[in-house]
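Novice: Sharing a model prediction with you, sequence too.
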Amino acid sequence: MPEQTPDPRSSAPSGKHVDPEGTTPAAEPIEEPVEEPAEQPVEEPTDKPTDKPDEAPAPPPLEEPSAPDRIRQALLRPTRQQLVAAVLLGLLGFAAVTQVRVTGTEDNYAGLRQQELIDLLNGLAGTRQRTEAEIERLEEAAGGLRDDTTRRQTALDQAQDTVDSLSILAGLVPVTGPGIRITITEVDGRVSLGSVIDTVQELRSVGAEAMSINGKVRVVAQTAFEVTDSGFLAGGEEIEAPYVIDVIGDPAALSSAISFALGPKKQIEEDGARVEVVRLDTVDIEEVTSRDEPRYAVPDPGQ
């Protein structure tokens, strides 16, 4: 049975045009409806951005004006301080000129009224009071300077007196003054070292200011005594009898310190010697001691 070929016209779907020649035309495009998108609500921004202005470029550095330009600018555009200074200078110049003119004219008060004369007298009285007050102040200052000078001179004098006294006590300078001369002569025995030391101590206790023995030794606080075969060694110097002690001080007090009962005179006489005391108006002591420099002691920094 012969195979049947389907008729293209019968199998063609409806709605399509079939070419009798057997060619199938291009399908026509079907337009589908386009759904429009729903309008979305526009959210308004809560914070609106602020437009920042563009930063302007830095101006180029200005050239420093010269000295004439600065002067010209100061004259054309003066500052407040310059105006005040100019006004003050102007007032000062006006006052100076007025003073010169007033000074150059003769003082003629014949044409002044009574009130003007009173005012002038009051001004002169005030000037006089101020002048007197200034004179009094200057006199007080001068008096204070005189007082300071006096105090300073007094302090210097006291310091010099202290130095002189210490120099005498230390035996550093020759001295002269009233005092006594003691002569000890050995007769029946030899004077002991204790009797000599007691005599020196008694003289010091009543105010002996200077003392020497046999014109060879200046007796001071540091003078040491030592017994030798022929006498004594005082301050490193050999002394022998008779012993002559020159003492500067109050003659009455010094002689009493030697002659009182059971005193040095009595003790020396018991040793077998004779004691003679003579008061003198002037006793010269030329012997001095050498000054020993301290090796270990130094002045206190706080003094």
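Specialist: Cool, the structure landed. Numbers count the residues shown, from 1 in each chain.
Novice: Ile239: neighbour count?
Specialist: Neighbouring residues of Ile239 were enumerated by other C-beta atoms under 10 Å; the total is 21. Every residue, glycine included, has its C-beta placed from N, CA and C.
Novice: Following the chain onward from the strand or helix carrying Leu138, which element is next?
Specialist: For Leu138, the element it lies in under DSSP states H and E is helix 114-170. Toward the C-terminus, helix 114-170 is succeeded by strand 175-186 as the next helix or strand (DSSP H and E).
Novice: And that next one, what's buried?
Specialist: Val175, Gly177, Gly179, Ile180, Ile182, Ile184, Glu186 (16 or more other C-beta atoms under 10 Å).
Novice: continuing past it, what's the next helix or strand?
Specialist: Using DSSP H and E, the next helix or strand after strand 175-186 towards the C-terminus is helix 193-205.
Novice: Show me what that following helix is packed against.
Specialist: With contacts defined as 3 or more C-beta pairs under 8 Å, 6 or more residues apart in numbering; DSSP states H and E, the packing partners of helix 193-205 are strand 210-213, strand 225-227, strand 243-248, helix 251-259, helix 264-270.
Novice: Where does the prediction get shaky in this protein?
Specialist: Residue ranges of the chain with pLDDT under 70: 1-65, 67, 74-75, 99-112, 119, 144-149, 302-303.
Novice: Swap in 90 and give it another go.
Specialist: 1-170, 188-189, 205-207, 221-222, 229-231, 235-236, 256-257, 259-263, 289-303 (pLDDT under 90).
Novice: still on that earlier bit, ok, so of the buried residues of strand 175-186, who is nearest Ala208?
Specialist: Gly179 (7.9 Å; C-beta to C-beta).
Novice: quick one: contacts for that closest one?
Specialist: For Gly179, the contact set (C-beta atoms under 8 Å, 6 or more residues apart in numbering) comprises Ala208, Ala210, Asp246, Val247, Ile248, Gly249, Pro251, Leu254, Arg279, Leu280, Val283.
Novice: if I look at it, how far off is Gly93?
Specialist: 82 Å (C-beta to C-beta, to the nearest Å).
Novice: Could you do Glu209 as well?
Specialist: Counting by C-beta to C-beta - Glu209 and Gly93 are separated by 77 Å.
Novice: do Glu238 as well
Specialist: The value you get for Glu238 to Gly93, if C-beta to C-beta is used, is 95 Å.
Novice: Looking at those two, which one has more neighbours?
Specialist: Glu238 (15 against 10).
Novice: Summarise which helices and strands whichever strand or helix holds the more buried one is packed against.
Specialist: For Glu238, the host element (DSSP H and E) is strand 237-240. In terms of contact count using 3+ C-beta pairs under 8 Å, 6+ apart, strand 237-240 is assigned the packing partners strand 231-234.
Novice: Tell me the buried residues in the strand it packs on?
Specialist: Within strand 231-234, the residues scored as buried using 16+ other C-beta under 10 Å are Gly231, Phe232, Ala234.
Novice: Out of these, which is nearest to Ala273?
Specialist: Once C-beta to C-beta is applied, the member of the buried residues of strand 231-234 that ends up nearest Ala273 is Gly231, at 12.2 Å.
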